[in-house]
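Trainee: no FASTA, just this:
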């Protein structure tokens, strides 16, 4: 029985690890400026954790294999040195790993989330709601009209609660359901939620951030390649959660300018 | 809810059948009609194109983007989606047993506005390849909110109190419609030319009311004698925002 | 938590008590200490909720606490004193004359404590009514919400203490059995804690509301 | 603490008379323990069926499930699970499993039955409170289950019930009406029950230990229940006021968690100024320690059972207890790692990340102690031993992925994906379940005086062990591919290629679930028909094996045991074999 356990556990370990190592299922290619750091950190951690995983599973398998030995008169043997080497090993090995991960990891984190956005960022206002995202560009005047929750009316596509009758800055605001951005330009999103918690997740951009009603949460990133990706909601928001999505379209700067001009003309 | 709503249409059919045979429901003999148009003055808001990027399956169904239906105008200042109904003078009649079909197709409500009689069966279909949720924002009637996945059976329902009920799909926020539940059996919704006809009206004095989801109501008194068809004209005042 | 030391109603299945007084379990006291720990934790959580809720909330509405609260505080403090005095007297008497139950007249202070406790609860209800008369209800403002919440939760816990005291009184009035010293001690401890908790809450409410 | 104190007199209640007193409203900790376990059995069956429905829907969303329409005419018209019904199933699965299985079975159930016996007491310190605690748990369960039978359906905001979705009421969608209120009420009642239970555990451990049972001589399972009780005492004390605030927001119109200016389904909400993050902080201050409430009894059970079948003492017993205490302490400093992307201050993410990583040290030590105990052992491969070995393996598998999730920068990508689902199912779900299985196979002979069938037990182990790896390991791959959790259907383009893997998981889950029927059959049959069990079938040392199987009403037949040594005396020359029991007076010779 011990040998069977050891064999099964070894097979499980090898197969599980192999699928990770062969990257049968893996992250989509990164298209963001900060993504390589995250990917690097993830791979480093994965290797370290993978080594620990394989070592402990195989040690378990090996010891179980050997302890099934039923020879007459075999005495039990104590782990060499008792518990002390284990404690030392765990503290030194795991501790060193933790230190390394914390040190490098928090630098990665800090460089993404604790740095102020680029002052030249393109600012886009985001409204998350049950169950869609809407994006607002300030329009030719460069200013966002103010938002009035009581004026939100989806039947007339007033998703941000703008007041064009009285607020002239609101009249040229461009509201679209697709996040359209130029490539290689820092983007600053200001996240609003009008009803419940939502989240902004684009796997290719290596970005995830919750929307919290009542708070305005800034989020900044730079896309480094053109293309179209899905934005999905990752914070449970109700019955349509699974279908709460939008697209992010990364364009060349000239294409973007063209697009923006066309939208402004429609207002 | 479902079991209940399944039962009620069935009973309604039975009861109404019995009523019809016993002659309680008057035949349409000696009845007049009111027809006419609904128009607006002033500047209505622009109909905005709807970008259905979120639901590619729906976006593909529309060669040109559909527009918001809160205010739909036609040639000659015609106003569409106005509910015209008899608000006073109606003799009253039992609810029609004929079910009204309300469809979800291409992420639009078809029709945008449906006029119903109290207790008249309403059958909601999903003709799309994606899920919808139907959320009648009722205040007088019980409010409900229910998903209808692709291939799910139609939802059979009805409303027991007269009410103007906005209905929406939260999954597709642009989808907005109205269930207009009325006590009268005489109601209709204006077409793309703003036209309407109310038929089967016995002689008598009536108040005709037109209701628009943004511009409110307009009323006119009409007296019908014999089998004549009276023509009336209702005008709303439109504002751009 | 005060049910532990009820007198054996059947022949003890454990080794029969060798002394006149069997060793009394301290579990009741441990239980009350644990209860104190957990109630403190709950109120700590609510306090932090209050601090978070107040910071940066535009709808925080300051109001005058009903003055009767200070009177109630006095009553509650007095009840603690009477109870402590009763506990000492009963415990001392039990120590002198073995395990005899004290005469009923020695329980007067316990009755007084009960009365004061009830009076406190009624006083709190009066405070509620005064606030309500000012138009301040549970949902009016977060400050009033926390006021009602704190006073209601404290009041409920205090009523629990009253039930405990009633139980101890019932035990003391029984003619037989040993003096339930641990139970009395535990109930007293809990009652003092209710005192301290109320003073803390009052201070918190005074500062923040 | 009271090493020399005479055994305290507690068991004052008379032998119960009548069916109600004996089996329903019993004050006997053993009956109450069995009641908890029976409740957990009902709960785990319910929770598992819910997970089957979820898995079926995820793999074949357009395939009607036969008979489901009869069960839920509203949620599954035409046998098709609607998205809201899926979320309700998910919410109920999580709530039932975390609260009514993983807390109820290993802690309240086995703890109630064996903690008093293991310390040599006749009962819990407060038998009436103990009974109240169980019946409150039962009521909480009924309240939760009742929400399946209301018109609007059960709550759907997940077991975490994030506000404002959980707080604003029915405008937020189906399940947010009465169902969510019932959820909050149920959890509040459950909190009271667990607080009373924890209080009882602590008082019993501190005050009712028999002569010679010093704290250091307590079995590891007792230690773990004791530490779990301390965690529970603090954790549930925070969740309860949080639930009260949630209920007030829902029914009394207060705004603790609901900010101003919310427009839900075109309606401006009449609330102002509340903080949604406050709920998250309160919830996770409870929620993370809750993970340890679920798993620490498993630690104790494995540490208790492993030496019995390894026939050698557990390596580093004091280190183990130190680690358990360390984990308990650290568990209160890490809650923010659930909120890295929640919009809280990014700086605090780093603060929460460090203790989260540090907590892996005691966890790693404990794991290595178990592996070190197996080194050079003479393992007896009984079913409970196999489940202990399986526990170690799945705990490692689940724990290691924590390294990735503990870092905010990586969590940015993996948060709310199936990677997290795989992680916590391994580390607190499956691992704790393996602990429960080991405990059941190990202790059922003591509880019912009957042995369980070993052949069936081994089949159960092998199918389950392989099955859980097939179910939960692929979830990590899904997570890496960015597969979001809590989705009723995968309509996104980038998720569609992952559906075949979901189908594999579903098939594996159905098979693994079916394997549990073997256990259920074995359990029920052995309980009534199993061969008679001797007093100490496993040659174990702790006090529960010094008494009869099952133990008499006062546990030791009127002779409270006196303890002479710790529970770790295996691999020695004893009077009866290679072990010396705690209550045996003879000195042990090495």
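Mentor: Received the coordinates, thanks. Small disclaimer: the values here were computed from a predicted structure and weren't measured. Numbers count the residues shown, from 1 in each chain, chains lettered A, B, ... in the order given.
Trainee: Going by C-alpha atoms from here, please, whenever you check contacts or count neighbours.
Mentor: Noted.
Trainee: can you give me phi and psi for residue B:67?
Mentor: The phi/psi pair for residue B:67 (degrees, to the nearest 10) reads phi -120, psi 170.
Trainee: I'd say it and residue B:50 touch.
Mentor: Yes: with contacts counted by Cα atoms under 8 Å, residue B:67 reaches residue B:50, the gap being 5.3 Å.
Trainee: quick one: residue D:112 and residue D:28 touch, right?
Mentor: No: under the contact definition of Cα under 8 Å, residue D:112 does not touch residue D:28, with a separation of 9.5 Å.
Trainee: And for the nearest residue to residue A:153 once chain neighbours are set aside, the neighbour number?
Mentor: The spatial neighbour of residue A:153 that comes closest, neighbours along the chain excluded (Cα to Cα, 6 or more residues apart in numbering or on different chains), is residue A:159 at 6.2 Å. When counting by other Cα atoms under 10 Å in any protein chain shown, one arrives at 25 neighbours for residue A:159.
Trainee: Look up phi and psi at residue D:434.
Mentor: The phi/psi pair for residue D:434 (degrees, to the nearest 10) reads phi -60, psi -40.
Trainee: sec struct for the residue nearest the centre of chain D, please.
Mentor: Taking Cα atoms, centre = their mean as the criterion, residue D:102 is the residue nearest the geometric centre of chain D, at 1.7 Å. Classification of residue D:102 using DSSP: H, G, I helix; E, B strand; the rest coil returns helix.
Trainee: Which residue, neighbours along the chain excluded, lies closest to it?
Mentor: Ranked by Cα to Cα, 6+ apart and with sequence neighbours excluded, the top spatial neighbour of residue D:102 is residue D:294, at 5.1 Å.
Trainee: Mind checking what helix or strand follows the host helix or strand of that neighbour in sequence?
Mentor: When elements are defined using DSSP states H and E, residue D:294 is found to belong to helix D:276-310. Past helix D:276-310, further along toward the C-terminus, the next helix or strand under DSSP H and E is helix D:317-330.
Trainee: Buried residues of that following helix, list them for me.
Mentor: Across helix D:317-330, burial judged by 16 or more other Cα atoms under 10 Å in any protein chain shown covers D:317, D:319-321, D:323-325, D:327-330.
Trainee: For the helix or strand that comes right after it, what does the pLDDT average out to?
Mentor: Proceeding C-terminally, helix D:317-330 gives way to helix D:346-358 as the next helix or strand, assigned by DSSP H and E. Averaging the model's pLDDT scores along helix D:346-358 yields 89.
Trainee: right, quick check: helix D:346-358 against chain C, any contact?
Mentor: No: Helix D:346-358 lies out of reach of chain C by Cα under 8 Å from any Cα of the partner chain, never closer than 15.8 Å.
Trainee: what helices or strands is that helix leaning on?
Mentor: Helices and strands in packing contact with helix D:346-358 are listed as helix A:95-113, helix D:408-414; criterion 3 or more Cα pairs under 8 Å, 6 or more residues apart in numbering or on different chains; DSSP states H and E.
Trainee: Residues contacting stretch D:75-94, please?
Mentor: With contact meaning Cα atoms under 8 Å, 6 or more residues apart in numbering or on different chains, stretch D:75-94 is reached by A:238-240, B:146-149, B:152-153, D:46-48, D:50-51, D:53-54, D:57, D:61-69, D:153-159, D:174-175, D:486, D:488-489.
Trainee: Quick one: buried ones out of those?
Mentor: Neighbour counting with 16+ other Cα under 10 Å marks A:238-240, B:146-149, B:152, D:46-48, D:50-51, D:53-54, D:57, D:61-62, D:64-65, D:68-69, D:153-159, D:174-175, D:486, D:488-489 as buried within the contacts of stretch D:75-94.
Trainee: low-scoring pLDDT stretches of chain B, where are they?
Mentor: Counting by pLDDT under 70, chain B has low-confidence residues at B:1-30.
Trainee: 80 instead, please
Mentor: B:1-30, B:91-97, B:241 (pLDDT under 80).
Trainee: do the stretch 151-267 of chain A as well
Mentor: In the stretch 151-267 of chain A (pLDDT under 80), the answer is A:267.
Trainee: Up against chain D, what does it have?
Mentor: Counting by Cα under 8 Å from any Cα, the stretch 151-267 of chain A sits next to chain D at A:152-154, A:194-197, A:203, A:206-214, A:217, A:230, A:234-243, A:245.
Trainee: For chain C, name the helix or strand with the lowest mean pLDDT.
Mentor: Per-element confidence for chain C was summarised using mean pLDDT, DSSP states H and E. The lowest value among helices and strands belongs to helix C:68-96, with a mean of 89.
Trainee: hey, which helix is longest across the chain?
Mentor: Since you didn't name a chain, this refers to chain A. Longest helix in chain A by number of residues, with DSSP state H as the criterion: helix A:35-67.
Trainee: please go with chain C instead
Mentor: Here the longest helix in chain C is taken by residue count, with DSSP H as the criterion, and it is helix C:142-173.
Trainee: For residue B:234, the count of nearby residues, please.
Mentor: Applying other Cα under 10 Å, I find that residue B:234 has 19 neighbouring residues.
Trainee: re earlier: sort out for me which of the buried ones among the contacts of stretch D:75-94 are in helices.
Mentor: Within these, residues falling in helices by DSSP H are D:46-48, D:50-51, D:53-54, D:57, D:68-69.
Trainee: could you pick out which of the residues you listed are near chain C?
Mentor: Within these, nothing lies near chain C by Cα under 8 Å from any Cα.
Trainee: quick one: average pLDDT of stretch D:541-557?
Mentor: Computed over stretch D:541-557, the mean pLDDT rounds to 94.
Trainee: Bridge partners for the most centrally placed residue in chain B, pull those for me.
Mentor: Compute the mean C-alpha point of chain B, and by Cα atoms, centre = their mean the closest residue is residue B:114, 1.6 Å away. When assigned by DSSP bridges, residue B:114 has beta-bridge partners residue B:179.
Trainee: rewinding a little: which parts of the least confident helix or strand of chain C count as buried, going by neighbours?
Mentor: Applying a neighbour-count criterion of 16+ other Cα under 10 Å, one finds C:69, C:72-73, C:75-80, C:82-84, C:86-87, C:89-91, C:93-94 buried in helix C:68-96.
Trainee: Which positions within stretch B:60-75 qualify as buried?
Mentor: Within stretch B:60-75, judged by 16+ other Cα under 10 Å, the buried ones are B:66-73.
Trainee: what residues does that stretch touch?
Mentor: Contacts of stretch B:60-75 from elsewhere in the structure, counted by Cα under 8 Å, 6+ apart, are A:155-157, B:44-45, B:47-51, B:59, B:79-81, B:106, B:112, B:174, B:176, B:192-194, B:213-214.
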